[in-house]
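Undergrad: got a predicted structure plus its sequence, pasted below:
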Amino acid sequence: MKEKFVQIVNENQGIIYKVSKIYRDTKEDQEDLFQEIVLQLWKAYPKFRGESKVSTWIYRIALNTSIATFRKNKIVIDYIEKTPDTEIHSKEKEASDNEEKMFIALRKLKDVEKAIISLYLEGYSHKEIAELIGITENYVGVKFNRIKNKLIKLLKK
């Protein structure tokens, strides 16, 4: 059982990293959340019946864990958003900056909006997102359009 669980986590760690990065600001917090998600997956693994895709199950646990731990830890800490990095080449730095700007914008979204956009970016259909989040398929489309507009405004700032 342990080997199968480790294999599942290794095959799907990208999902966990993405959710961690969207829901936490600092690298340390992202790593802590990653570990907490893996712990919750381990606790839930014996009950996983395989009725859904493994990635769907991981997303559900990851999102619920992210939201639950976020509500528990509402500590405000001031930190420097970026540190100088002179070793990155200009194109890599620009791509890295753009990615970081996107994650900063994503972190400003509401929890449900973060969940919808992360599932969409992972390739889930509106129907699958609706089932995971617990809303109608039409409402996923409405929310997705609102999220896109909100992200465009946030990125223009």
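TA: Perfect, I can see it now.
Undergrad: now stretch 27-38 - C-alpha only, PDB.
TA: C-alpha atoms of stretch 27-38 as PDB (Å, rounded to 0.1, in the frame of the first residue of the first chain):
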ATOM      1  CA  LYS A  27       8.400  29.200  -0.800                       C
ATOM      2  CA  GLU A  28       8.400  28.000   2.900                       C
ATOM      3  CA  ASP A  29       4.600  28.200   3.200                       C
ATOM      4  CA  GLN A  30       4.300  26.400  -0.100                       C
ATOM      5  CA  GLU A  31       6.500  23.600   1.100                       C
ATOM      6  CA  ASP A  32       4.600  23.400   4.400                       C
ATOM      7  CA  LEU A  33       1.300  23.200   2.500                       C
ATOM      8  CA  PHE A  34       2.700  20.600   0.100                       C
ATOM      9  CA  GLN A  35       3.600  18.400   3.100                       C
ATOM     10  CA  GLU A  36       0.200  19.000   4.700                       C
ATOM     11  CA  ILE A  37      -1.600  17.900   1.500                       C
ATOM     12  CA  VAL A  38       0.500  14.800   1.300                       C
END
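Undergrad: please identify the buried residues of that stretch?
TA: Asp29, Gln30, Leu33, Phe34, Glu36, Ile37, Val38 (16 or more other Cβ atoms under 10 Å). Backbone N, C-alpha and C define where each C-beta goes, glycine included.
Undergrad: repeat for stretch 133-148
TA: Across stretch 133-148, burial judged by 16+ other Cβ under 10 Å covers Ile133, Val140, Lys143, Phe144, Ile147.
Undergrad: also stretch 44-53?
TA: Tyr45.
Undergrad: what's the closest of the buried residues of stretch 27-38 to Glu100?
TA: Nearest to Glu100, judged by Cβ to Cβ, of the buried residues of stretch 27-38 is Gln30 at 12.5 Å.
Undergrad: quick one: Glu31 from Tyr17, how far?
TA: 10 Å (Cβ to Cβ, to the nearest Å).
Undergrad: one more: Ile104?
TA: Per Cβ to Cβ, Ile104 is found 17 Å from Tyr17.
Undergrad: looking at those two, which is more packed in?
TA: Tyr17 (16 against 13; other Cβ atoms under 10 Å).
Undergrad: who touches the residue nearest to the more buried one when sequence neighbours are not counted in this structure?
TA: By the measure of Cβ to Cβ, 6 or more residues apart in numbering, the closest residue to Tyr17 outside its immediate chain neighbours is Phe34, 6.6 Å from it. Residues near Phe34 by Cβ atoms under 8 Å, 6 or more residues apart in numbering: Ile16, Tyr17, Ser20.
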